[in-house]
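# Let's see this in three dimensions:
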Amino acid sequence: MAAKRGATGRRLELGLQLRGIRESIVVNGRPMTRKHAVQGTKISEAALQRIETGSLGFRNVGDLRKLLAKYGVDDEETIELFVEMNRDATSQDWVTRYRGQLLPAMQGFVGIEAEAQEIRAYHPQVVHGLLQTKAYAEAIYEIEKPIEETTSEFVRVNVALRMERKQRVLEREPDPVKLWVILGEAGLRYAIGGPDVMREQYEEITRLAKLDHVTIQVLPVNGRGYRASSDLAILDLGDGLPLMAQVDNAWGAVSTSDKPKEVARFTRGFNQMISSALPSEETPEFMQRLAREL
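Next comes the predicted model:
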């Protein structure tokens with residue numbers, strides 16, 4: 001039996017169902033638009049877009065009831081199911097306490113990540129956050145500090161968040177997330193924090209690579225196959241929810257999409273990199289080799 005979803009998962013579920021109902025309603029020969037849906041309500045088009053993508057719940061349950069009425073949903077039992085779903089969706093999630101130090105898009109992604117059944121990710125420049133040691137994470141944030149103009153408190157909070165993300169994803173009971181990560185060799189050779197930090201990080205990757213639910217591959221610098229230019233992740237949330245793709249850009253923003261064409265494109269790219277990367281069985285030896293070269 002699947003565990004009950006947290007607030008982020010319930011928001012995604014609520015948004016997906018509402019979007020499905022809206023798009024099933026034909027207006028002037030086309031699926032109802034968000035602009036048409038919010039007419040006569042107190043909900044803005046932008047707010048409905050955020051609701052449908054799982055970024056927001058209804059603060060006023062009356063707005064939800066009014067929207068459902070506009071969609072022709074008049075069965076009280078069905079309405080109450082939506083109300084209960086929204087109640088769960090607007091509850092306090094574990095990531096809420098980090099809200100002040102996170103971009104809104106990143107807050108949503110972290111919540112999704114912790115509820116995924118499977119995550120496939122590619123990180124070309126640095127070690128993936130879910131594989132990082134505390135010392136490595138601290139060194140990353142310290143390097144970025146003068147560029148991002150962040151504070152020591154920001155570093156402390158975000159390192160704590162990263163470690164909690166790691167624990168919630170990789171040690172979740174009774175079903176930890178299945179994680180498949182492809183790391184770029186160049187990123188692994190980038191000496192963040194100095195030899196001791198990197199040696200500990202290589203040991204941690206070796207430890208994690210031996211877990212049954214974790215697969216780690218290295219994409220060598222001399223490979224000739226396809227390689228994505230930026231971080232990406234593909235998340236399988238299960239239980240009828242769509243696959244999600246997340247991509248970082250050069251400006252530090254996080255973009256998340258459940259559009260089938262976009263997710264399919266990233267999936268094809270990830271599968272190509274699996275073929276180009278070293279076999280996962282070679283990862284422990286590769287880490288030992290990097291440690292010897294320090």
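
# Please count neighbours and contacts with C-alpha atoms only from this point.
Will do.

# Spell out the residue ranges of the strands in the stretch 51-200 of the chain.
For the stretch 51-200 of the chain, applying DSSP state E, counting those that start in this stretch gives strands covering 118-123, 178-184.

# So which residues make contact with stretch 16-34?
Around stretch 16-34, the neighbours that count as contacts under C-alpha atoms under 8 Å, 6 or more residues apart in numbering are 37, 45, 48-49, 52-54, 71, 241.

# what about 10 Å?
With C-alpha atoms under 10 Å, 6 or more residues apart in numbering as the test, stretch 16-34 has contacts from 10-15, 36-37, 44-49, 51-54, 64, 67-68, 70-73, 82, 240-242.

# Count the neighbours of Lys259 for me.
Lys259 has 12 neighbouring residues, counting by other C-alpha atoms under 10 Å.

# so it touches Pro242, yeah?
Yes. Look at Lys259 against Pro242 with C-alpha atoms under 10 Å: they come within range, at 8.5 Å.

# can you list the domains in this protein?
Following automatic domain parsing, the chain resolves into domains at 7-89, 103-133+161-292.

# ok, which stretches of the stretch 101-250 of the chain are helices?
Ranges of helices in the stretch 101-250 of the chain, per DSSP state H, counting those that start in this stretch, are 104-115, 134-148, 152-170, 185-189, 195-209.

# Out of those, which gets nearest to Pro176?
helix 152-170 (5.3 Å; C-alpha to C-alpha).

# What is that closest one packed up against?
Packed against helix 152-170, as judged by 3 or more C-alpha pairs under 10 Å, 6 or more residues apart in numbering; DSSP states H and E, are the following elements: helix 104-115, helix 134-148, strand 178-184.

# try 8 Å
Under the contact criterion of 3 or more C-alpha pairs under 8 Å, 6 or more residues apart in numbering; DSSP states H and E, helix 152-170 touches helix 104-115, helix 134-148.

# Can you say which of these is nearest to Thr215?
The nearest among the helices and strands packed on helix 152-170, by C-alpha to C-alpha, is helix 104-115 at 16.7 Å.

# What's the mean pLDDT across that closest one?
For helix 104-115, the mean pLDDT works out to 73.

# on that earlier part again, figure out which of the domains of the chain is closest to Lys145.
Comparing those by C-alpha to C-alpha, domain 103-133+161-292 comes nearest, at 13.4 Å.

# and that closest one, how far out from the chain's middle?
Mean-position distance between domain 103-133+161-292 and its chain equals 11 Å (C-alpha atoms, centre = their mean, to the nearest Å).

# now stretch 51-62
Stretch 51-62 sits 19 Å away from the centroid of its parent chain (C-alpha atoms, centre = their mean).

# circling back: which of the contacts of stretch 16-34 fall within helices?
Judged by DSSP state H, helices contain the following of the contacts of stretch 16-34: 10-15, 36-37, 45-49, 51-52, 64, 67-68, 70, 82.

# hmm, back to that, right, so the helices and strands packed on helix 152-170: which one is the most enclosed?
For these, the largest average neighbour count (mean count of other C-alpha atoms under 10 Å) is found in helix 104-115, namely a mean of 20.

# Show me what counts as buried in stretch 228-241.
Buried residues in stretch 228-241, counted by 16 or more other C-alpha atoms under 10 Å: 231-237.

# residues making contact with that stretch?
Contacts for stretch 228-241 (C-alpha under 8 Å, 6+ apart): 12-13, 16, 112-113, 115-124, 242-249, 263, 266-267, 269.

# Could you identify the buried members of those residues?
Buried by 16+ other C-alpha under 10 Å: 12-13, 16, 112-113, 115-124, 242-247, 263, 266-267, 269, out of the contacts of stretch 228-241.

# Show me what counts as buried in stretch 212-223.
214-219.

# follow-up on the earlier one: now the buried members of the ones in helices among the contacts of stretch 16-34.
Buried by 16+ other C-alpha under 10 Å: 10-15, 37, 45, 47-49, 51-52, 64, 67-68, 70, 82, out of the ones in helices among the contacts of stretch 16-34.

# hmm, which helix or strand of the chain has the shakiest average pLDDT?
Least confident helix or strand, the chain: helix 104-115 with a mean of 73, by mean pLDDT, DSSP states H and E.

# The closest residue to Ala47 other than its chain neighbours and Gly238, how far apart?
Once flanking residues are discounted, Ala47 sits nearest to Leu56: 7.6 Å by C-alpha to C-alpha, 6 or more residues apart in numbering. From Leu56 over to Gly238 the distance is 20 Å, taken as C-alpha to C-alpha, to the nearest Å.
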